[in-house]
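> Okay, here's the prediction I keep looking at, along with the sequence it came from:
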Amino acid sequence: MKQRRWRARRGVDDGHVHLSSDELHHHINQTLWRLALRHWLCFDIGGMAKSAYEYVKLFEVDDRLPLCTWTVIRIDGHDFYHFTRAHSFEHPNDIRALRLMNDCAAAVMSEWPDIVISYGVSDEYSFVLHPNSSAYDRRRSKLISLVVSRFTAEYSRRWPQHFDNIPLRILPTFDARTVSYPTDKHIKDYLRWRQVDCHINNLYNTTYWALRQQANITAEQAHAALDKTNSAQKNEMLFSQFGINYNNQPAMYRKGSILIRNNYLATQTMTAEATPTTDTAIVTASSHSSSLPTASPASSSDPNSGTDNVNGISDADSKGARRRRTVICIHEDLIDDSFYTERHVGIIPHIEMGKAALKATKSLKRQQYKLSHTSEEDSHNPTLSNG
């Protein structure tokens, strides 16, 4: 204050307000309390009684994801090194564990219609949400927590269906993250990146465990033998030493698992014994059923085939016929453009970002108007309580 008077007496005016540290601290405190009081007077959060402590909601961070962008929610097994050892997983790949992951991902995808495609390998899964999705107001924390908690719950619930005589000795846990991608090219490159990573890791693991199990060498010796080797050298090592042609390995191991929706009309209920256009059965269940669909027997699916058995959902259309929205699992090449342009057209469509952005912006403005209108009405008739 003295400094401000000194400047005023000497005609110092540089266009800025000069405050001491004490004055600045006092000004910040006053501003926070004014905001808290305004929040207290004008808002009724979720129908709850107003109190003097609701100002703490001002500290919450708005974590909504960018509008009109592809959203990837990727989950990954936490400390699965010890989890797999505790349950004696087979190496280099355990078909039971992979099918369990696929069934859990299908259950998540069945509950989330905005998920257009999912990709899984080993103990991770990526769920791709459509750019126009407005699920849970696109809040990052909400999306992550719901997907990973549902997946983890399904993993524990479905464990006995795939590991009959092995009880859960360690509870499975998964972490999750979200990434936003602005264009269809970026999301395609993301899926290609994950499949390339699948190929690199599986080729290494296949060669490593061949050395361990058939050559009977230690882990250190196997890592040393594979150090600084490229893909061609690993393929040659597998074929020359162990007679393994890597290209003949199951497609699920080499390419990972891709979950997509297969929309078609059917007048009759399809069961696990029925065979649709693919060479393996697909299990569906009503989306209105109180109980979740159960997985089909793992033995009914061949890891070498291009499809696999997973769960799906179905609902009825306006004409009375049953519209099937079935989640199917395939093992194909995601890297080549033909996956998107020929074999599965429309899975990753080219989105008109301008129209989508306009629609999302109008919806957001309507929500803001309703919120401000409600706040003005409440401010005229404030009901104060110190609950």
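Yep, it's here. Just so it is clear, the structure is predicted and the values come from calculations on it, not from any experiment. Residues are numbered from 1 along each chain as shown.

> Show me what the helix of greatest length in the chain is packed against.
The longest helix of the chain (DSSP state H) is helix 184-213. Helix 184-213 sits against strand 70-77, strand 115-121, strand 124-129, strand 174-181, helix 219-226, helix 231-242, helix 251-255, with contacts defined as 3 or more Cβ pairs under 8 Å, 6 or more residues apart in numbering; DSSP states H and E. (C-beta placed from N, C-alpha, C; glycine too.)

> That helix vs strand 174-181, what angle?
If you take axes from the mean of the first three to the mean of the last three Cα atoms, to 10 degrees, helix 184-213 sits at 140 degrees to strand 174-181.

> Flag every buried residue along helix 184-213.
By neighbour count on 16 or more other Cβ atoms under 10 Å, the buried set for helix 184-213 is 184, 187-188, 190-191, 194-195, 198-199, 202-204, 206-208, 210-212.

> go on, stretch 135-152?
Under the neighbour-count criterion of 16+ other Cβ under 10 Å, stretch 135-152 has A135, R138, R140, L143, I144, L146, V147, V148, R150, F151, T152 buried.

> H87: which of those residues is nearest?
T152 (15.7 Å; Cβ to Cβ).

> if you skip the residues just before and after it, what's nearest to that closest one?
Nearest residue to T152, sequence neighbours excluded (Cβ to Cβ, 6 or more residues apart in numbering): F174, at 5.4 Å.

> Surely that neighbour touches H78?
Yes: the criterion here is Cβ atoms under 8 Å, and F174 meets it with H78 at 5.9 Å.

> Would you double-check that P66 falls in a helix?
No: under DSSP: H, G, I helix; E, B strand; the rest coil, P66 sits outside any helix and is assigned coil.

> List the beta-bridge partners for the nearest residue to it once chain neighbours are set aside.
When the adjacent residues along the chain are set aside, P66 lies closest to S180, with 5.2 Å between them (Cβ to Cβ, 6+ apart). Beta-bridge partners for S180, by DSSP bridges, are T71.

> what about this protein, any weak spots by pLDDT?
For the chain, the stretches with pLDDT under 70 are 1-19, 24-25, 27, 32-49, 263-325, 350-365, 368-369, 371-387.

> could you show me where the helices are in it, in order?
Counting by DSSP H, the segments of the chain that form helices are 2-9, 21-42, 80-86, 95-111, 140-162, 184-213, 219-226, 231-242, 251-255, 338, 353-380.

> Export those as CSV, with columns for distance to E54.
Output for these, formatted as CSV (distance: least, Cβ to Cβ, whole Å):
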stretch, distance to E54
helix 2-9, 36
helix 21-42, 6
helix 80-86, 42
helix 95-111, 32
helix 140-162, 20
helix 184-213, 40
helix 219-226, 57
helix 231-242, 59
helix 251-255, 52
helix 338, 56
helix 353-380, 13
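
> coming back round to it: contact partners for the residue nearest to T152?
Contact partners of F174, counting by Cβ atoms under 8 Å, 6 or more residues apart in numbering, are I75, D76, G77, H78, V148, F151, T152, Y155.

> what's across from it in the sheet?
Assigned bridge partners for F174, using DSSP bridges, are G77.

> Check the gap between it and I328 for me.
The gap separating F174 from I328 is 23 Å, by Cβ to Cβ, to the nearest Å.

> So the protein: which segments form each domain?
Here the domain parsing of the chain from automatic domain parsing is 14-60+352-387, 70-343.

> measure Y136 to R74 for me?
Distance of Y136 to R74, given as Cβ to Cβ: 18 Å.

> try I330
Taken as Cβ to Cβ, the span from I330 to R74 is 19 Å.

> Same question for C104.
14 Å.

> Check the spacing between the closest residue to N202 other than its chain neighbours and P167 real quick.
Nearest non-adjacent residue to N202, counting by Cβ to Cβ, 6+ apart: Y253, 5.4 Å away. Distance of Y253 to P167, given as Cβ to Cβ: 26 Å.

> if we can go back for a sec, what's the closest of the helices and strands packed on helix 184-213 to S88?
Ranking the helices and strands packed on helix 184-213 by proximity to S88 (Cβ to Cβ) places strand 70-77 first, at 16.1 Å.

> Compute the inter-axis angle for that closest one and strand 124-129.
Using the same axes, to 10 degrees: strand 70-77 against strand 124-129 is 160 degrees.

> got the contact list for strand 70-77?
With Cβ under 8 Å, 6+ apart as the test, strand 70-77 has contacts from 65, 83, 122-131, 133, 138, 143-144, 147-148, 151, 172-184, 186-187, 190.

> List the buried residues of it.
Neighbour-count burial for strand 70-77 [16+ other Cβ under 10 Å]: W70, T71, V72, I73, R74, I75, G77.
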